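Novice: Got a sequence here, can you build the structure:
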Amino acid sequence: MGQRVRVTEYDPRWRLDYEKEKELIAGILGEEMVSIHHIGSTAVEGLKAKPVIDILPVVRDLEAVDALNRRFEAAGYECMGEFGIKGRRYYRKGGEERTHQIHIFAAANGKEIRRHLAFRTI
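Specialist: Numbers count the residues shown, from 1 in each chain. Prediction:
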């Protein structure tokens, strides 16, 4: 069965959900993390959105992240590898009722980082 798409009114709790998950992700990535960003439609105040928190951590070494997959799994994430975007590590949480998505890129991949950050500047 495929995922159902549901769009809802903007919810200010999305920002709080991001902040909570940001701390969890930072704890997993540790010194490997350079920065972390709330991206996608839930990051745009007032915008209707799918209630899925998209998070973009930027790391020093993408291959080092692969060694942390068990920690992401313990935190409830599915580790999906590149999942269609070369140079990304994609993780999702919540199963059929997905709640979070993580898109990890190495700091050297400025093109993909800028592309993912661009949406929230509309």
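
Novice: can you give me the helices in this structure?
Specialist: Per DSSP state H, the chain carries helices over the ranges 13-29, 62-66, 69-74, 110-118.

Novice: Export those as TSV, with columns for mean neighbour count and distance to Ile36.
Specialist: Using the backbone N, CA and C atoms, a C-beta is placed for each residue, glycine as well. Shown next, in TSV, are the helices of the chain (neighbours: other CB atoms under 10 Å; distance: least, CB to CB, whole Å):
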stretch	mean neighbour count	distance to Ile36
helix 13-29	16	5
helix 62-66	15	13
helix 69-74	14	14
helix 110-118	14	11
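
Novice: Out of the ones you listed, which is closest to Ile85?
Specialist: Nearest to Ile85 among the helices of the chain is helix 110-118 (6.9 Å), distances taken as CB to CB.

Novice: looking only at pLDDT, what's the mean for the closest one?
Specialist: In this model, helix 110-118 has a mean pLDDT of 95.

Novice: Who are the packing partners of it?
Specialist: When contacts are defined as 3 or more CB pairs under 8 Å, 6 or more residues apart in numbering; DSSP states H and E, helix 110-118 sits against strand 33-39, strand 53-59, strand 100-106.

Novice: contacts for it?
Specialist: If you take CB atoms under 8 Å, 6 or more residues apart in numbering as the criterion, helix 110-118 is touched by 37, 39, 56, 58, 85, 87-88, 103, 105, 107.

Novice: Switch the helices of the chain over to a markdown table, and while doing so, append distance to Val7 to every line.
Specialist: Shown next, in a markdown table, are the helices of the chain (distance: least, CB to CB, whole Å):
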| stretch | distance to Val7 |
| --- | --- |
| helix 13-29 | 13 |
| helix 62-66 | 31 |
| helix 69-74 | 27 |
| helix 110-118 | 20 |
